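1. got a predicted model here, sequence first, then my questions.
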Amino acid sequence: MRGILKNVIVWILQAEAKAVLRKYKPRVVAITGSVGKTSTKDAVYAVLQKKFHVRKSEKSFNSEIGVPLTILGLGNAWGNPLQWIQNIVDGLLLIITSRPYPEWLVLEVGADRPGDISSLASWLAVDVAIITRLPEVPVHVEFFDSVEAVIEEKASLMDAVKPGGTILLYADDERTRKLEQRLPAPDAQIVLFGFEPKTHVWASRFEVVRESFDSAQDKEKRAWPIGMRATITIGEEAVPVQIIGSLGTHAFLPAVAAAAAGHVLGVSLPEIVAGLESFDPPPGRVRLLPGIKGTLVIDDTYNASPAATEAALSALALTKPKRAIAALADMMELGRVSVEEHRKVGARAAKVCDILITVGVRSRDIAMGALDNGMPDTNILQFEDAGKAALEIQNLIQEGDAVLVKGSQSMRMEKIVEEIMLEPERAGDLLVRQDREWKRR
């Protein structure tokens with residue numbers, strides 16, 4: 001019965017969203033990929049809002065119901081039927097009355113199952129499509145026949161692009177770059193962004209931005225990373241840009257995508273820089289947080305895939321701590337490649353970490369991968385769930401440690417971050433899954 005009601009609500013909200021698009025005629029930027037969608041969406045919004053009236057998807061509203069809610073400007077009613085009725089009424093009022101409406105919508109588009117994006121592309125007309133990284137083993141691959149099927153589903157966003165529209169592709173990923181060969185909309189422009197000069201918009205000269213602080217134990221000052229600095233080049237112009245709050249070269253992927261989007265839409269270079277430097281990386285995406293006992297926490301708890309976990313471990317290596325600690329949980333929905341990919345992550349962790357903590361049944365293979373690659377058994381701790389791991393990690397950490405926390409959504413690794421972050425009273429603002437509905441689970 002619940003499934004039927006959900007389908008009815010989705011159908012009504014999509015019908016209202018279509019009517020709103022016809023009435024108000026906003027222009028649309030739509031973003032997909034297997035890595036960095038939400039961060040890219042937020043960065044594009046930060047740039048475009050310097051020149052236009054813009055609305056973006058809230059949090060990760062990227063589904064068959066999340067996209068219509070964003071178009072209608074409504075929130076998630078979760079399990080409240082009265083609030084869903086109110087949402088439907090509010091959507092109807094937006095159609096039958098005239099109200100101020102954004103010039104641009106910045107929409108995140110995800111694909112959990114086959115048909116998710118192609119169905120959306122059948123009714124959503126897109127002015128600018130952005131496709132980020134398409135890793136070899138994406139999240140949700142379990143529900144597709146192959147990795148190629150996942151890529152094709154993501155690529156179907158290009159079918160929604162209007163004649164004369166623009167497609168932005170992350171050129172450093174060969175799977176994304178190959179989409180240049182896919183037949184685009186008539187007269188569509190393809191713009192490449194990335195980290196090499198061969199692209200139209202690119203970033204280079206990466207540096208870690210550090211901030212010194214007095215150590216309680218050592219006489220010498222310490223310096224924790226607080227962000228990244230790079231040079232972004234557009235045509236013949238190059239400008240330095242600083243992103244505070246996230247770490248790793250990959251942290252600049254959203255910034256480069258946003259710079260490319262701003263450029264093709266006529267946002268000036270000073271406005272692009274100002275937008276990017278006001279960009280606040282979203283919670284749970286390689287977010288740098290002060291930890292208790294003079295530690296640094298790398299909060300990457302939104303979700304996990306093999307590629308994203310490898311990138312997070314690379315970010316941990318950049319911190320140069322006294323001890324590098326990684327708390328890694330199960331990577332879900334990997335299907336038949338699950339064991340192999342968890343072991344690969346363990347092999348990488350053995351090279352980066354002094355201490356490895358695993359959470360969940362699947363992550364036992366992370367521990368095995370680390371053992372097989374030389375990490376001592378005494379440096380590996382294994383737990384069934386995040387709650388039990390959180391208490392042990394709190395006792396384990398010392399001043400000068402950097403702690404990476406990562407896992408798939410269902411593993412609830414944000415519980416560990418809340419336990420060891422310096423300001424747990426700000427968890428509602430800084431961490432993922434802090435809604436009342438999530439906290440009840």
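-> Sure thing, it's come through. Residues are numbered from 1 along each chain as shown.
2. got the contact list for Pro225?
-> Applying CB atoms under 8 Å, 6 or more residues apart in numbering, we find Pro225 in contact with Val208, Val209, Arg210, Leu247, Leu288, Leu296, Leu318, Thr319. Bear in mind the C-beta positions are built from the backbone N, C-alpha and C, glycine included.
3. for Val28, list the residues it contacts.
-> Trp104, Leu105, Leu107, Leu124, Ala125, Val126, Asp127, Val128.
4. closest to Ile355 among those residues?
-> Leu107 (40.5 Å; CB to CB).
5. roughly how far apart are Ile272 and Leu381?
-> Distance of Ile272 to Leu381, computed by CB to CB, to the nearest Å: 45 Å.
6. how far does the helix or strand hosting Lys388 sit from its chain's centre?
-> In this assignment (DSSP states H and E), Lys388 forms part of helix 386-396. When distances are taken as CA atoms, centre = their mean, to the nearest Å, helix 386-396 is centred 26 Å away from the chain's centroid.
7. helix or strand right after that helix?
-> Remark: after helix 386-396, the chain's next helix or strand is strand 401-406, criterion DSSP H and E.
8. that following strand: partners in the sheet, and parallel or antiparallel?
-> strand 295-300 (parallel), strand 323-329 (parallel) (DSSP bridges).
9. out of those, which gets nearest to Glu341?
-> strand 323-329 (12.0 Å).
10. neighbour count winner among Ile272 and Leu381?
-> Regarding Ile272 and Leu381, a neighbour count based on other CB atoms under 10 Å identifies Ile272 as having more, with 27 against 17.
11. tell me the domain boundaries of the protein?
-> Following automatic domain parsing, the chain resolves into domains at 2-278, 287-439.
12. can I get the ones you listed in JSON lines with mean pLDDT?
-> Shown next, in JSON lines, are those (pLDDT from 0 to 100):
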{"stretch": "domain 2-278", "mean pLDDT": "91"}
{"stretch": "domain 287-439", "mean pLDDT": "96"}
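13. surely Leu168 is within a helix?
-> No: counting by DSSP: H, G, I helix; E, B strand; the rest coil, Leu168 falls outside a helix, being strand.
14. find the nearest non-adjacent residue to it, please.
-> Nearest residue to Leu168 in three dimensions, chain neighbours excluded: Ile130, at 4.4 Å (CB to CB, 6 or more residues apart in numbering).
15. sec struct for that neighbour, please.
-> At Ile130, secondary structure determined by three-state DSSP is strand.
16. for it, what are its contacts?
-> Val29, Ala30, Ile31, Thr32, Gly33, Thr40, Val44, Ile167, Leu168, Ala257, Ala260, Ala261.
17. ok, Val241 next?
-> For Val241, the contacting residues are Ala203, Arg229, Ala230, Thr231, Ile232, Ala255, Ala259, Val273, Leu276, Glu277, by CB under 8 Å, 6+ apart.
18. could I have the one helix or strand it maps to exported to PDB, CA atoms only?
-> Assessed by DSSP H and E, Val241 sits inside strand 237-244. The C-alpha coordinates for strand 237-244 follow below in PDB (Å, rounded to 0.1, in the frame of the first residue of the first chain):
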ATOM      1  CA  GLU A 237      43.100  34.100 -18.000                       C
ATOM      2  CA  ALA A 238      44.300  32.400 -14.900                       C
ATOM      3  CA  VAL A 239      43.300  33.200 -11.300                       C
ATOM      4  CA  PRO A 240      44.100  31.800  -7.900                       C
ATOM      5  CA  VAL A 241      41.200  30.300  -6.000                       C
ATOM      6  CA  GLN A 242      41.000  29.000  -2.400                       C
ATOM      7  CA  ILE A 243      38.500  26.400  -1.200                       C
ATOM      8  CA  ILE A 244      38.300  26.200   2.600                       C
END
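19. quick one: that strand to chain centroid distance?
-> Worked out by CA atoms, centre = their mean, strand 237-244 lies 21 Å from the chain centre.
20. on that earlier part again, output the strands paired with strand 401-406 in CSV; the columns should cover mean neighbour count and distance to Leu422.
-> Output for the strands paired with strand 401-406, formatted as CSV (neighbours: other CB atoms under 10 Å; distance: least, CB to CB, whole Å):
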stretch, mean neighbour count, distance to Leu422
strand 295-300, 26, 8
strand 323-329, 26, 16
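21. among those, which is nearest Met421?
-> Met421 lies closest to strand 295-300 among the strands paired with strand 401-406, at 5.8 Å (CB to CB).
22. just want the angle from the closest one to helix 386-396.
-> For strand 295-300 against helix 386-396, the angle by axes from the mean of the first three to the mean of the last three CA atoms, to 10 degrees is 160 degrees.
23. that older thread, quick one: buried ones out of the contacts of Val241?
-> When the contacts of Val241 are checked for burial by 16 or more other CB atoms under 10 Å, the buried set is Ala203, Ala230, Ile232, Ala255, Ala259, Val273, Leu276.
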